[in-house]
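Chemist: Got a predicted structure plus its sequence, pasted below:
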Amino acid sequence: MRQVTIDELATALENGAQLIDVREHAEYALGHVPGAVVVPMGELPSRLAELDRSRDVHLVCRSGNRSGAMADLLTEHGFGAVNVAGGTEAWIASGRPVEGAEALTVHTIETASLGDRSYLVHDGRTAFVVDPQRDIDRVLDLLAADGVRLTHVLETHIHNDYVTGGYALAAATGADYLVNADDEVSFQRTGIRDGDVVDVSERMRITVLATPGHTFTHLSYALSDPCTGESVGVFTGGSLLYGATGRPDLLGTEHAEELARHQHASARRLAELPDETGVFPTHGFGSFCSATQSTSADSTIGDERRSNPVLTSDEETYVRELLAGLGAYPAYYAHMAPANSAGPDAPDLSLPRSADADELRRRIEAGEWVVDLRNRTAFAAGHTRGTLNFGIDGPFATYLGWLVEWGTPLTLLGESVEQVAEAQRELVRIGIDRPAAHATGGPSDWSTEPLASFATATFADLAQVRSHRDVAVLDVRRSDEYAAAHIPGAVNVPLHDLVRHLGEVPPGEVWVHCAAGYRASVGASVLSAAGRHVVAVDDAFDAAVELGLTVAASDPAGV
């Protein structure tokens, strides 16, 4: 059997050689050598009359085996047959282009409320998912809409900021569930390690990369297309983010420096991928799992190599600055890894039982949390006494999960069933599965007593009031925000500490503020429920700066 190399084939094609691709039509459609005509192996014996006997027939398949057999067949029938050694794989490996290969589809499934992203990737027939959130119906709907079959679910790490949907999604679809073999979990999974290669389909090849730093067993997944030779992207989880990295302290401050050094090395390993490789992180869009935040919507390895501090700083500088910049993170994070290690089931998103006004009063007086989901303006104007305001229009689950004592029964109050359902979806993502009850309508439906209310104001109002009388100012921002700039005399009790530190709030009338108004409303509702006289400052802190109300913490005038 005569054979040619890829270089020899390229020269022959330039001179008008005939090239037959003996793979199946579906394989051919995924990408083929330019100029090749598809005649599948099973059809070729009956279609010999279509071939030109006056010149050599070059035959190609994926690797050279099927085409070699067909070259022998043609030789027996008197053709000048030539096999292409190494097939289309060798053609692609040589850096030459292919025809017919459409771009892979990468769906980003955004969970903006938690600052995270999941990814569904497919080639038109076969799909895989990376880091799915708990509410897997979003993934199932995408699979159905695109008409593709899920074969693999991959986790970059045992997440600290949400409950995974990976286990439930794999169970629902029959997909293979890929988790680091070194993670201690109590469910059946396919254990994977650094260097493993997973051929999801002919178009999707995943290489497993150990990238410790966010956790000790963190993995990233580099996706390439064997049909085109393209380095499509790398799914980086909590390792390399847009302009940042995942924080290294979620396993305990005692591990933070060691993990920060791992994070620096891992990012440099990822930076060895081709510049055009897309970067697809799970965290970094508002998640507290990110060490810092970025406004970028997409990125590549080349972009990150030029601008990401982890890739532009030496190890000592990066570690020092990263550790110095870490702030508080939600208390509910402590419950996420144990839940994920146990293999969480699919959530029950059915509506909880309905509660009337008398039941709501009993629950409030029993110390349970009755949460009003309406926006902060509506809540301030009138609400059931003792209820707490976590508006569904803001980072609802993050702050509710941060403040509530884990296990406290929750009742949800919404203007509509849809509002309650949205809140349920947010809560299951952080492991709060079933509210105790719900009610819809408005505060007049939820109370048999006169409604409570409190005033709202701007920073200009605060400046005017302070010019003629003393009022207490409570700053519920994080301590790092307070340190950057604050109002002189303001008491800083970060919102996440407020429930446990109500005694630190000054007596009398309290004006509560944050950076934009959402946290101030939550804080004001907590104080109002405790019987305090409050005013919620619903304004941007930039206005306070422009009014000259603020000083830096280092300024003696701010003491």
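Modeler: Arrived safely. Numbers count the residues shown, from 1 in each chain.

Chemist: Are we agreed that Ile109 is in a strand?
Modeler: Yes - counting by DSSP: H, G, I helix; E, B strand; the rest coil, Ile109 falls inside a strand.

Chemist: Quick check: bridge partners of it?
Modeler: For Ile109, the beta-bridge partners are Ser118 (DSSP bridges).

Chemist: Count the neighbours of it for me.
Modeler: 18 (other C-beta atoms under 10 Å). All C-beta atoms are positioned from the backbone trio N, CA, C, and that covers glycine.

Chemist: That one and Val130, how far apart?
Modeler: Distance of Ile109 to Val130, given as C-beta to C-beta, to the nearest Å: 10 Å.

Chemist: what's the overlap in contacts for these two?
Modeler: Contact with both Ile109 and Val130 is made by residues 118-119, according to C-beta atoms under 8 Å, 6 or more residues apart in numbering.

Chemist: Give the rounded mean pLDDT of the biggest helix by length in the chain.
Modeler: Longest helix of the chain, by residue count under DSSP state H: helix 256-270. For helix 256-270, the mean per-residue pLDDT is 98.

Chemist: okay, Ala557: pLDDT?
Modeler: In this model, Ala557 carries a pLDDT of 41.

Chemist: hang on, I meant Val98
Modeler: Per-residue pLDDT puts Val98 at 89.

Chemist: Quick check on it: phi, psi?
Modeler: phi -120, psi 160 (degrees, to the nearest 10).

Chemist: Would you check how far apart it and Tyr28 are?
Modeler: In terms of C-beta to C-beta, Val98 sits 10 Å off from Tyr28.

Chemist: Quick check: chain neighbours aside, which residue is closest to the residue with the largest distance to the centre of the chain?
Modeler: Ranked by distance from the centre of the chain (C-alpha atoms, centre = their mean), the top residue is Gly78, with 59.8 Å. Spatial nearest neighbour of Gly78, chain neighbours left out: Arg53 (7.1 Å); criterion: C-beta to C-beta, 6 or more residues apart in numbering.

Chemist: what about that neighbour, distance to Ala145?
Modeler: Distance from Arg53 to Ala145, by C-beta to C-beta: 49 Å.

Chemist: the more surrounded of those two?
Modeler: Each of Arg53 and Ala145 has its neighbours counted (other C-beta under 10 Å); Arg53 has more, 13 against 9.

Chemist: Let's verify that one: helix, strand, or coil?
Modeler: Look at Arg53: counting by three-state DSSP, its state is coil.

Chemist: picking that back up, could the C-alpha coordinates of the longest helix of the chain be exported in CSV?
Modeler: Extracted in CSV, the C-alpha atoms of helix 256-270 (Å, rounded to 0.1, in the frame of the first residue of the first chain):
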residue,chain,number,x,y,z
ALA,A,256,-4.6,31.2,53.0
GLU,A,257,-0.9,31.9,52.3
GLU,A,258,-0.2,28.4,51.1
LEU,A,259,-3.2,28.5,48.8
ALA,A,260,-2.3,32.0,47.6
ARG,A,261,1.1,30.7,46.4
HIS,A,262,-0.6,27.7,44.8
GLN,A,263,-3.0,30.2,43.1
HIS,A,264,-0.1,32.1,41.6
ALA,A,265,1.5,29.0,40.2
SER,A,266,-1.8,27.7,38.9
ALA,A,267,-2.6,30.9,37.0
ARG,A,268,0.9,30.8,35.4
ARG,A,269,0.2,27.2,34.3
LEU,A,270,-3.1,28.3,32.7
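
Chemist: Tell me the first helix or strand C-terminal of that helix.
Modeler: Next along the chain after helix 256-270, taking DSSP states H and E as the criterion, comes strand 278-281.

Chemist: Against which helices or strands is that next one packed?
Modeler: Packed against strand 278-281 by the contact rule (3 or more C-beta pairs under 8 Å, 6 or more residues apart in numbering; DSSP states H and E) you find strand 105-111, strand 116-122, strand 230-237, strand 240-241, helix 301-307.

Chemist: try it again with 7 Å
Modeler: For strand 278-281, the elements it packs on are strand 230-237, strand 240-241, judged by 3 or more C-beta pairs under 7 Å, 6 or more residues apart in numbering; DSSP states H and E.

Chemist: Pick the most deeply packed of those.
Modeler: strand 240-241 (a mean of 32; mean count of other C-beta atoms under 10 Å).

Chemist: From Thr277, how far off is His264?
Modeler: For His264, the distance to Thr277 - C-beta to C-beta - is 19 Å.
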